[in-house]
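Participant: Quick one: sequence and predicted model below, then my questions.
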Amino acid sequence: MTPAMVLRLAWRDWRGGELGLLVIALMVAVGTVTAVSLFVDRLQQALLSESSTFLAADRYIGGSQEIPVEFRAAASERDIEMADTMSFPSMVFASDDRSQLVSVKAVSPGYPLRGVLRTADEPFTRGEPTTQLPQQGEVWLDSRLFPALGLSLGDRVEVGVAAFTVSRVLTQEPDRGGSMYDLGPRLLMRVEDVPATEVVQPGSRISYRLLLRGDDDALSELKDSLELKPCCWWRGIRESSPAIGSALARAESFLLLGGLLGVLLAGVAVALSANRYARRHYDHVGVLKTLGATPNQILFGYLLLLTVVGAVAAAFGLLIGAGLHLALVAILQSMIPVELPAPTMRPLALGAVTGMICVLAFALPPLLHLKNVSPMRVIRRDLGSAPPSQVLSYGAAIVGSLGLLIWYSGSLFLTFWTLVGTLSALLLFGLLANLLLRGGRVLGMQAGSGWRLALAGLQRRRRENTAQILIFGLAIMLLLILLLLRTALLDEWRNQVPDNAPNHFAMNITPDDVAEIGLMLDANAREQGGLYPMIRGRTVAVNGIDAKDWEEQHRPQRGEGPRLSSSRNLTWASEMPGENKLVAGDWWQPGDTRSMVSLEDDYAEDLGLSIGDVMTFDIAGQRVEAEVTNLRRLDWESMRPNFFIIFSPGALESFPATYMTSFYLEADQKRFLNELLGRFPTITVIEVDALIAQVKSIIDRVTQAVELVLGLVLASGCLVLIASIQASKDGRMSEHALIRTLGGSRKLITGSLAVEFATLGLFAGAVAVVGAEITVAILETQVFDLGVSFHPWLWLFGPLIGALIIFVVGMAGTRSLISSPPIMVLRGLN
Amino acid sequence: MSRVVVKTEGIAKIVPTAEGQLTILEGIDLEINAGESVAIVGASGSGKTTLLGILAGLDMPSSGSAWLGGVEITALDEEKRAKVRGEQVGFVFQTFQLLGSLTALENVMLPGELRGESGAEKDARDLLEKVGLAERFAHYPRQLSGGEQQRVAIARAFASRPNVLFADEPTGNLDSSTGHKVIELLFNLNKEYATTLILVTHDDRLAERCDRTIVLDAGRIVS
């Protein structure tokens, strides 16, 4: 077969509608991937860059000593922007000798590299964004320092031996997140002014950061090129803010899973339509062979045809994907406040390669089989149409799907579970579908003619129908899985920051003030959280081994995770805090006076601590020993106080403690803080409302992306349904034409088709619900770290929705079957 | 002495069925000379079509050998058999077997194109004119009557300038008057191109037009 012949055949097949579904399925596969990945790629970049505002940079190098100059040289070689910050606690004195411990942050020009500072003329207002920094000789102060120190703008304060003018109220800084307990009220100054204060002495506790901003490749290259340890550590958003990191990681998993399911669905549609195309070409090939076409010529011809079709479909798919993504961006633009960065080339490559894999894995096997069609077929129709090699077809589809799964998810774990889920679902579905079909036939014997015809048809084509229920069921199952996961994820995210979640924390409350502050909060704040005692202390030994030696033995590489010997907030409680979950050991019994501690699970694991270890703490210069009796898991994404270490009641009672509480204030109630801090200048109030608002905006954005992907996957799902109905159309067509020739009315045919599709849909829906519940339970627990949930409503709606969808798509897809004259069908001309 | 173009020795075709082995053909020995026209007749299920398939190299026997134009086609693989078919054989089928997506002209051009000949289109036009379809070049099969479709099929069969033309019930799908015209056309072209004609038929009139008749009964040649 010459290329010209092949192209002519392809063109005629296209015009005759033979290739339409195959091309459309390929275009949808490529288009879905391209649109999803283009959008996700840009959204991810935007999310990352917005999340970067939590760091005020893309990455940073942190250290407890000055960051080496050669690091700066390496970064500037790669065109990476830099800014410095130094943070340290210090006392600040006002002119009337009032003083307050503050958390000083000294910054260099350029700060912040991501996000913005907001400043105001008066405390406790939202303020305006600014690109300025304090001038040398000036400082900007946190709102709460104004009442605490009795200050107004223009007043002078002393830090160390230097005096500064208070020039602005600092209302927001991007990298204020992180650990809220280390945040004293902020004093922002210039790095250049630090030497004059003389507060930085050898041994001072200072946290140095070199903020970095640049493109991802340059940053990773820089990271690899630096000898960071032992002085410094490298941080990105994921390491620095576990809450945001984990929301992002989940969203990514979901988007990937969604995109992947979309492609697999489109792959099924490609396979179905390629199969139909191949079956309709058996005669073609038979004739060509009698005319002297050799098997190799046939093979070459159809390979060429597939290449041309694949290339054209991929090209259009890319265009459609790009267009669709632009439309989506346009629609969502008003909802996405951040500017989307230009897409990378990766999504386009992803789309093109996906198209190729779909062609090779799903469309090629049935066409390869064409070369084996016997030429005898032209004189003996019953010969020469042996089915394509099942090993080849299924093998290629499985290898293709596996390749796509691994490539997309980048996770063997996710791939493994999706595969196990799909294979067990197929097995289970096959059995279930067969049972349902048998049951349907028994019922159909007692029914009217339309029903009997439909159910007899279902039973007669049991193999095809089992396959069709599998395909419908799989498509509906994938849609249900996405829907359920979306709901579970969104609920989880929304619950994470409930509307009335405390957005302020009050710390350093003395036992004497507890009652009065409680009354003030009751009168002015909407919600008030529990009261926790707090004592500063640090671990000095474990099982008699010095803490530093212990850490050296159990975690030789520094810089990752919390340190054992760092000073921490300790608390005690008789009951385990609500959001904590016991994972090992037992919570202490009331009345047990032994000195015991409960540790956070990951903290214990990182530091090699286990139940039975005896930890020695230094609290206000005294040694306290306590035995580890249980491990807890924490919800780090909750905006609630979380403690690595909780003591049993009694262990710390002899030490003077302060208390902390949390409360909720509306934006317009914030002036209350002035009153509160004026009345109790020694307490510390931490405002996390800005942080919560930031988290919420990220969650909203992620939600939009999730819904978008769901919509696209729904489109692929519908395509599979159409392809599957098309695939069975030929058989149905001749059968119904025969019935009409024998006098069956159009109404009878329509009725029996309606019953057939609705029943198929009902069965497929039932099968899908079983599969979806099982898969979602596995994904929720194994991949997304959520709790298992069952959905009774699904068992009612799943089958009904299945019946409705298949009925609608089926009737629309077979309209021509009912409307065309039977003779056309019998003559094989339609 | 005439040249033998089709020859078989001890051809048998046995297929496995649910009830055991089914013998379709057994002990078929025959020779057909160049230019001869031969009708294979017999009751339904007597093995006519299977024999035609084996003679034309479309199917393989279970045992025995067949020669086509001096080549032992039963010793060849499908790739080589296809080449022999392309060079030596033309076909006319009961169900016409035109490619629905190609026009009449394109259908007739197919054999020449498959062989990579440059003059395929001109030959095809000449042949279509010969079968009286000069006005129908650009028509698709669905736009042609049964008789016209069979005439296109005959034109296509002769387009490969075959040594042997195989026809399977060529009038089986046509009314008797159209069938008669098609037979005339087939025999006239056969004569003009000096082709060997082997046809399977139920039609006595058609069988009578042939030089020789081979009668099959239960898979054996009875006369």
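Facilitator: That came through fine.
Participant: Can you pull the phi/psi pair for whatever residue of chain A ends up closest to chain B?
Facilitator: Here the residue of chain A nearest chain B is residue A:292; by CB to the nearest CB that distance is 1.9 Å. Glycine gets a C-beta too; all of them are placed from N, C-alpha and C. The phi and psi values for residue A:292, taken as degrees, to the nearest 10, are phi 110, psi 0.
Participant: And for it, nearest residue in space, chain neighbours not counted?
Facilitator: residue B:86 (1.9 Å; CB to CB, 6 or more residues apart in numbering or on different chains).
Participant: how near is the one you found to residue A:293?
Facilitator: 7 Å (CB to CB, to the nearest Å).
Participant: got the contact list for residue 61?
Facilitator: Using chain A. A:67, A:71, A:209-210, A:212, A:226, A:228, A:232-235 (CB atoms under 8 Å, 6 or more residues apart in numbering or on different chains).
Participant: Chain B was what I was after
Facilitator: Residues near residue B:61 by CB under 8 Å, 6+ apart: B:11-13, B:25, B:54, B:74.
Participant: Doesn't it belong to a strand?
Facilitator: No - counting by DSSP: H, G, I helix; E, B strand; the rest coil, residue B:61 falls outside a strand, being coil.
Participant: which residues touch the nearest residue to residue A:296 once chain neighbours are set aside?
Facilitator: In space, residue A:296 comes closest to residue B:79 once its chain neighbours are excluded; the distance is 6.1 Å by CB to CB, 6+ apart. Residues near residue B:79 by CB under 8 Å, 6+ apart: A:294-296.
Participant: Most neighbours among those residues, which one is it?
Facilitator: residue A:294 (22 neighbours; other CB atoms under 10 Å in any protein chain shown).
Participant: A strand includes residue B:207, no?
Facilitator: No - per three-state DSSP, residue B:207 lies outside any strand segment and is helix.
Participant: export the contacts of residue A:61 to JSON lines and tack on secondary structure, neighbour count and pLDDT?
Facilitator: Compiled in JSON lines, the contacts of residue A:61 are given as follows (DSSP: H, G, I helix; E, B strand; the rest coil; neighbours: other CB atoms under 10 Å in any protein chain shown; pLDDT from 0 to 100):
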{"residue": "A:67", "secondary structure": "coil", "neighbour count": "19", "pLDDT": "88"}
{"residue": "A:71", "secondary structure": "helix", "neighbour count": "21", "pLDDT": "89"}
{"residue": "A:209", "secondary structure": "strand", "neighbour count": "24", "pLDDT": "91"}
{"residue": "A:210", "secondary structure": "strand", "neighbour count": "23", "pLDDT": "92"}
{"residue": "A:212", "secondary structure": "strand", "neighbour count": "26", "pLDDT": "91"}
{"residue": "A:226", "secondary structure": "coil", "neighbour count": "16", "pLDDT": "84"}
{"residue": "A:228", "secondary structure": "coil", "neighbour count": "16", "pLDDT": "78"}
{"residue": "A:232", "secondary structure": "strand", "neighbour count": "24", "pLDDT": "82"}
{"residue": "A:233", "secondary structure": "strand", "neighbour count": "17", "pLDDT": "82"}
{"residue": "A:234", "secondary structure": "strand", "neighbour count": "18", "pLDDT": "85"}
{"residue": "A:235", "secondary structure": "strand", "neighbour count": "19", "pLDDT": "80"}
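Participant: Those residues: which two are farthest apart?
Facilitator: A:209 and A:226 (14.6 Å; CB to CB).
Participant: My guess is the residue nearest to residue A:292 contacts residue A:288. True?
Facilitator: No - Residue B:86 is beyond contact range of residue A:288, at 10.0 Å (criterion: CB atoms under 8 Å).
Participant: who has more neighbours, these two?
Facilitator: residue A:288 (28 against 21).
Participant: just checking, the more buried one touches residue B:107?
Facilitator: No - Residue A:288 lies out of contact with residue B:107 (CB under 8 Å); the separation is 11.1 Å.
Participant: what is the residue lying closest to residue A:85 once chain neighbours are set aside paired to in the beta sheet?
Facilitator: Spatial nearest neighbour of residue A:85, excluding adjacent residues (CB to CB, 6+ apart): residue A:209 at 4.6 Å. Residue A:209 has the following beta-bridge partners by DSSP bridges: residue A:62, residue A:85.
Participant: Dump the contacts of residue A:61 to TSV, plus distance to residue B:205.
Facilitator: Shown next, in TSV, are the contacts of residue A:61 (distance: CB to CB, whole Å):
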residue	distance to residue B:205
A:67	104
A:71	101
A:209	102
A:210	101
A:212	95
A:226	97
A:228	98
A:232	102
A:233	99
A:234	95
A:235	96
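Participant: what about the closest residue to chain A within chain B, helix or strand, and which?
Facilitator: Shortest chain B-to-chain A distance, computed as CB to the nearest CB: residue-wise this is residue B:86, at 1.9 Å. Assigned by DSSP states H and E, residue B:86 belongs to helix B:78-88.
Participant: Please tell me the pLDDT value assigned to the most centrally placed residue in chain B.
Facilitator: Chain B has residue B:166 as the residue nearest its centroid, 1.7 Å off, counting by CA atoms, centre = their mean. We have a pLDDT of 93 for residue B:166.
Participant: Also residue A:259?
Facilitator: Looking at residue A:259, its pLDDT stands at 70.
Participant: count of neighbours near the residue lying closest to it once chain neighbours are set aside?
Facilitator: Nearest residue to residue A:259, sequence neighbours excluded (CB to CB, 6+ apart): residue A:36, at 4.3 Å. By other CB under 10 Å, the residues close to residue A:36 number 29.
Participant: Determine how far the helix or strand where residue A:36 lies lies from the middle of the whole chain.
Facilitator: In the assignment (DSSP H and E), residue A:36 maps to helix A:20-52. Helix A:20-52 sits 15 Å away from the centroid of its parent chain (CA atoms, centre = their mean, to the nearest Å).
Participant: and it, what other elements does it pack with?
Facilitator: On a contact count with 3 or more CB pairs under 8 Å, 6 or more residues apart in numbering or on different chains; DSSP states H and E, helix A:20-52 meets helix A:237-240, helix A:242-280, helix A:295-332, helix A:346-358, helix A:689-727.
Participant: does residue B:24 sit in a helix, a strand or a coil?
Facilitator: Assignment for residue B:24 (three-state DSSP): strand.
Participant: Who are the contact partners of it?
Facilitator: Here residue B:24 is in contact with B:13-15, B:47, B:50, B:219 (criterion: CB under 8 Å, 6+ apart).
Participant: Which members of those residues are classed as buried?
Facilitator: Buried subset of the contacts of residue B:24 (neighbour count, 16 or more other CB atoms under 10 Å in any protein chain shown): B:13, B:47, B:50, B:219.
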